[in-house]
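1. Fold the following.
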Amino acid sequence: MLGRFDLSPIFRAHWKVLSKDTSDGTVPDWPARFGLLIPSIVAPGVMIVCGWSLAQPTALLTAVALLAGALIAAFAELSSLRIKLGERYDPGEQDGENDKAAIDESVTHVLFASFLLFVNAAVLTIGLVMAPEDAKSLAGPAAWISAGLFTYTVILALMLIPRLLYAYTQANRVRDDLNGFYIRR
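-> Residues are numbered from 1 along each chain as shown. The predicted structure is shown next:
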């Protein structure tokens, strides 16, 4: 119905990759899901209860916009790595499928995080435009929504960084003595 403006695939993809493979098949990774959701709900709640505001909303807006652009650039690099892996492995080869899956998961998180950052930039911009001219901080719903979105994005980035390193080490065949995922026995 919405065609080009249908954002549901990015939400579905993000939620799907927050799963883990087990001997019983793919199951939801509830600790990861709750680890993203709960702090993102608690942060605005604490702001509301304590009466806090965002002291430097323009600095946060700048950071959010820069991070969104950086993540789009990371997406382009991950796309190149995915092509490189597709050329290296034969279709169906298990090592290749695992490596490509790591990149696919990373791409989903990168795009979802950049989407959240774009939304956060919009929320901050609207909040700043609607704030009184002499306001030095941003309070109210715009600050609360921004805090929740930023909290979710930061936690997602913390989860994403090891996945990006794994995808890099696999795609580029990093030596064991330089690979943090290799543990000597």
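
2. residues making contact with stretch 71-89?
-> With contact meaning CB atoms under 8 Å, 6 or more residues apart in numbering, stretch 71-89 is reached by 95-97, 99-100, 103-104, 106-107, 110-111, 113-114, 117, 164, 167-168, 170-171. Backbone N, C-alpha and C define where each C-beta goes, glycine included.

3. So which bits of that stretch are buried?
-> Buried positions in stretch 71-89, judged by neighbour count with 16 or more other CB atoms under 10 Å: Leu71, Ala74, Phe75, Leu78, Leu81, Arg82, Leu85.

4. between those, which is nearest Asp29?
-> When the buried residues of stretch 71-89 are compared for distance to Asp29 (CB to CB), Leu78 wins out at 20.7 Å.

5. just to revisit the earlier point, the buried residues of stretch 71-89 in strands, which ones?
-> Assignment to strands by DSSP state E places none of the buried residues of stretch 71-89 there.

6. For those residues, give me CSV that also has pLDDT and distance to Gly51.
-> As requested, the buried residues of stretch 71-89 are exported to CSV (pLDDT from 0 to 100; distance: CB to CB, whole Å):
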residue, pLDDT, distance to Gly51
Leu71, 94, 32
Ala74, 92, 37
Phe75, 94, 38
Leu78, 91, 41
Leu81, 85, 46
Arg82, 86, 47
Leu85, 79, 50
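
7. any idea which of those is closest to Ala139?
-> So of these, ranked by how close each gets to Ala139 (CB to CB), first place is Leu71, at 27.9 Å.

8. out of the buried residues of stretch 71-89, what pair is the most spread apart?
-> Leu71 and Leu85 (20.5 Å).

9. What's the PyMOL syntax to select whichever of the contacts of stretch 71-89 are buried?
-> Selection command for PyMOL covering only the buried members of the contacts of stretch 71-89, criterion 16+ other CB under 10 Å:
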select buried, resi 96+99+100+103+104+106+107+110+111+113+114+117+164+167+168+170+171
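
10. which element is the residue nearest the centre of the chain on?
-> In the chain, the residue lying closest to the centroid (CA atoms, centre = their mean) is Ala113, at 3.3 Å. Using DSSP states H and E, Ala113 sits within helix 94-130.

11. which helices and strands sit right next to that helix?
-> Other helices and strands packing on helix 94-130, by 3 or more CB pairs under 8 Å, 6 or more residues apart in numbering; DSSP states H and E, are helix 8-17, helix 57-88, helix 141-171.

12. Good, wrapping up.
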